[in-house]
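A.B. asks: Sequence first, predicted coordinates after that:
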There are 2 protein chains.
Amino acid sequence: MTPETAPDGAPWEALPPPLSDLHEAAARLRGVALETPLLESERLNARLGGRVLVKAEGLQHTGSFKLRGAWNYLAQLPRARAAGGLVALSSGNHGQAVAWAGRRLGLGPVVVLMPRDTPRAKVERTRFWGAGVEFYDRQTVDRAALLGHWTSQRGYHLVPAYDDRRVIAGAGTLALEAMAQAAGQGAVPDLLVVACSGGGLSAGCALALQGGKTRLLAVEPPGHDDLLRSLEAGRRLTNAGNVPSICDALLAITPGALPFGIHQQHGTRAAVVTDDQARAAVFTLFAEFGLVVEPGGALPLGALLADPALVRGRTVMVIASGRHLDGSLLAEIVTRSAPPPA
Amino acid sequence: MTPETAPDGAPWEALPPPLSDLHEAAARLRGVALETPLLESERLNARLGGRVLVKAEGLQHTGSFKLRGAWNYLAQLPRARAAGGLVALSSGNHGQAVAWAGRRLGLGPVVVLMPRDTPRAKVERTRFWGAGVEFYDRQTVDRAALLGHWTSQRGYHLVPAYDDRRVIAGAGTLALEAMAQAAGQGAVPDLLVVACSGGGLSAGCALALQGGKTRLLAVEPPGHDDLLRSLEAGRRLTNAGNVPSICDALLAITPGALPFGIHQQHGTRAAVVTDDQARAAVFTLFAEFGLVVEPGGALPLGALLADPALVRGRTVMVIASGRHLDGSLLAEIVTRSAPPPA
């Protein structure tokens, strides 16, 4: 059972999960989440002068890693707390994951609150899993008020997207799994690169890597570099949130409190990677791997394409964390004739 | 060691491999070929009213199943026979596989003879694996004379693309692997659908399925239905070879002798699937699976999209056998707004 508070009085949910929580989450996800492949391209390795391992998590059910956290959260949620319905605030992937997990666990109804500019592919799929979708305007919404309406007034239970120990532990199973696969392929990565929005996945990765030699680099789009700036400032800063990016999944305006604390504790580094580098990575994942990866999910590989020094003579693992992008954007990228940077 | 003739005097190469050859090939391929994932989409299942399992073999090294046969052939080839070099006649995927396997086994040089209309992606990659590429005209070439030049006059050893027991046994490992994965997912397919050109993969599948309940359907593009017509006629017929198709990997003009004999013996059925259905399948593999699959590799799924009765209430496995298509064609397909057929 889940205790509601920790011994020191801090809410249990707000405490960093110990590594054992990640292993318990992995057990909970067995037979539910796919073990997605860890892929390698000799051509890309030759181009970058090192070894690049791509965790193809876009092949996961619902098309992203978000399933892991949503499942680990909902599978532990007392039924009575879900009785009034579930609500999620999501740029798309978390919403699909909550809808999918909620349906499979027999919970519901599920409502997903999405920015109006969410790619159509994500909206359609969220509805397919049985959730209702309500749109809001990314620039003008008061998120707290919107959530208050659904939780306090309508009695829905909020399923957190990243700022929760169960969600972080679930996301961290991705890194546990990928590191084990790498070991099976004779590799211990020097570096793991992962995209960061609210920070659930990157914090889960930090926890999974603790005690090992693999360093963590979290990447963000320009103007959405709240983690980078917050780590430098030593406190959580907020983005203006008005800089456009094709990385629609990476536009959280401030780091989650729990993920940020984990990143501070574990010495995570952060870097900014541009949309052009995300495009180059989407192209490379198509051309060298046969994978469809959304821009935000491709951003970690974009970091390597932009700076091959990160790879040269080393082994670097990147997480391709989601696959949903509209066909028009994929078409635009795969018909580019320009070679990718570097 | 490989005996050069069978007890009855027929060339050893021309005999159907027993099932034990497939298992030996699988052992030979361990640590060389990837175990590619077997994927499923609940959305596609709901749309077709049954269960569709997609063997994502485009994620294989070199991007297609051809690696399996080329490796199983070359790993058994006495070094002395490869000393003068290796030559392959290929629409692209076999050539890449021979180049890759030859390099990894330390054989060489490798020359690949390719039709002039081979997608650029396949040509570039064949060269990357260290092979020389020589082009010929698909409509006017005298293939026998071209091969004679390289083998008799220049002393190269021809690596067969499909009409050989080692190549067929290697290809058959794909079906062995996929059937084992399906069993692990609680499924015994009623039907396995595979694309057919010369017939190496489809014949390998027929051998892998023998004695089980899973039936085999081999699919071909219109005008390239030599297997269908040959099975009806009871003898090998030849296509005019002048009907255009986007399925560049499926344009062999007549069934290989050994594959055809295997298909006759095992009661393989064949069907024609159009380019439009291949396009619809490429789209579906992008949208529902996050996979890039070339038209010929998508053709088996095209058969299901065109005729959902093949799936309704049943479990059907399709092999997505290769991933190489030019970005311009992928772009054209993923921006189609029309819904797929059926």
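C.D. replies: On my side now, so go ahead.

A.B. asks: how near is A:Glu42 to B:Phe128?
C.D. replies: Counting by Cβ to Cβ, to the nearest Å, the gap from A:Glu42 to B:Phe128 is 8 Å. Every C-beta, even on glycine, is put in place using the N, C-alpha and C of the backbone.

A.B. asks: Check what pLDDT the residue in the stretch 101-250 of chain A that chain B sits nearest to gets.
C.D. replies: Proximity of the stretch 101-250 of chain A to chain B (Cβ to the nearest Cβ) peaks at A:Phe128, 5.7 Å away. Per-residue pLDDT puts A:Phe128 at 94.

A.B. asks: Next, it: phi, psi?
C.D. replies: phi -60, psi -40 (degrees, to the nearest 10).

A.B. asks: how about A:Leu299, what does it touch?
C.D. replies: A:Ala195, A:Val219, A:Glu220, A:Pro221, A:Cys247, A:Leu250, A:Val273, A:Gln277, A:Ala278, A:Ala281 (Cβ atoms under 8 Å, 6 or more residues apart in numbering or on different chains).

A.B. asks: ok now stretch A:252-266, how far from the chain's centre?
C.D. replies: 13 Å (Cα atoms, centre = their mean, to the nearest Å).

A.B. asks: List the buried residues for that stretch?
C.D. replies: Buried residues in stretch A:252-266, counted by 16 or more other Cβ atoms under 10 Å in any protein chain shown: A:252-256, A:258-264, A:266.

A.B. asks: Same question for stretch A:313-323.
C.D. replies: A:Thr315, A:Val316, A:Met317, A:Val318, A:Ile319, A:Ala320, A:Ser321, A:Gly322, A:Arg323.

A.B. asks: What's the end-to-end length of it?
C.D. replies: Using Cα to Cα, to the nearest Å, the span of stretch A:313-323 from its first residue to its last is 29 Å.

A.B. asks: Tell me if it is near chain B.
C.D. replies: Yes: judged by Cβ under 8 Å from any Cβ of the partner chain, stretch A:313-323 and chain B are in contact via A:Arg323.

A.B. asks: How confident is the prediction for A:His338, by pLDDT?
C.D. replies: No His there; residue A:338 is Ala. 45.

A.B. asks: er, A:Pro119 actually
C.D. replies: Confidence for A:Pro119, expressed as pLDDT, is 86.

A.B. asks: correct me, but it touches A:Gly92?
C.D. replies: Yes: the pair A:Pro119 / A:Gly92 is scored as a contact, 6.5 Å apart, by Cβ atoms under 8 Å.

A.B. asks: Regarding the residue nearest the centre of chain A, which helix or strand does it belong to?
C.D. replies: Central residue of chain A (Cα atoms, centre = their mean): A:Leu201, 4.7 Å from the mean position. Using DSSP states H and E, A:Leu201 falls within helix A:200-209.

A.B. asks: tell me which parts of the stretch 201-342 of chain A are close to chain B?
C.D. replies: A:283, A:286-287, A:289-293, A:323, A:327-328, A:330-332, A:334-336.

A.B. asks: before we move on, back to that, pull out the buried residues from the helix holding A:Leu201.
C.D. replies: Those would be A:Gly200, A:Leu201, A:Ser202, A:Ala203, A:Gly204, A:Cys205, A:Ala206, A:Leu207, A:Ala208, A:Leu209, for helix A:200-209 by 16+ other Cβ under 10 Å.

A.B. asks: Put together CSV for those residues, with pLDDT on each row.
C.D. replies: What follows is these, written out as CSV (pLDDT from 0 to 100):
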residue, pLDDT
A:Gly200, 97
A:Leu201, 98
A:Ser202, 98
A:Ala203, 98
A:Gly204, 98
A:Cys205, 98
A:Ala206, 98
A:Leu207, 98
A:Ala208, 98
A:Leu209, 98
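
A.B. asks: in the worst-scoring helix or strand of chain A on mean pLDDT, what counts as buried?
C.D. replies: Ranked by mean pLDDT, DSSP states H and E, the weakest helix or strand in chain A is helix A:120-128, scoring a mean of 90. For helix A:120-128, burial by neighbour count (16+ other Cβ under 10 Å) applies to A:Ala121, A:Lys122, A:Val123, A:Arg125, A:Thr126, A:Phe128.

A.B. asks: Let me see the contact set for the third one.
C.D. replies: Right, the one you point to is A:Val123. Shown in contact with A:Val123 (Cβ under 8 Å, 6+ apart): A:Gly92, A:Met114, A:Val133.

A.B. asks: ok, now which ones touch the residue in the stretch 1-150 of chain A that chain B sits nearest to?
C.D. replies: Nearest residue of the stretch 1-150 of chain A to chain B, counting by Cβ to the nearest Cβ: A:Gly58, 4.6 Å away. By Cβ under 8 Å, 6+ apart, the contact set of A:Gly58 is A:Thr36, A:Ser64, A:Leu291, A:Val292, A:Val293, A:Glu294, A:Gly297, A:Ala320, A:Ser321, A:Gly322, A:Arg323, B:Gly290.

A.B. asks: hmm, which two among those residues are most spread apart?
C.D. replies: Put simply, by Cβ to Cβ the two of those set farthest apart are A:Thr36 and A:Glu294, 14.8 Å from each other.

A.B. asks: who has more neighbours, the two?
C.D. replies: Shown here are A:Thr36 and A:Glu294; by other Cβ atoms under 10 Å in any protein chain shown, A:Glu294 has more neighbours (34 against 22).

A.B. asks: The more buried one is in contact with A:Ala249, isn't it?
C.D. replies: Yes: here A:Glu294 reaches A:Ala249: they are 6.5 Å apart, a contact under Cβ under 8 Å.

A.B. asks: who touches both of the two?
C.D. replies: Shared contacts of A:Glu294 and A:Ala249, defined by Cβ under 8 Å, 6+ apart, are found at A:Gly322.

A.B. asks: Taking helix A:200-209 as reference, get the angle to whichever helix or strand comes after the helix holding A:Leu201.
C.D. replies: Elements were assigned by DSSP H and E; along the chain past helix A:200-209, the next helix or strand is strand A:215-220. Orientation check (axes from the mean of the first three to the mean of the last three Cα atoms, to 10 degrees): strand A:215-220 against helix A:200-209 gives 180 degrees.
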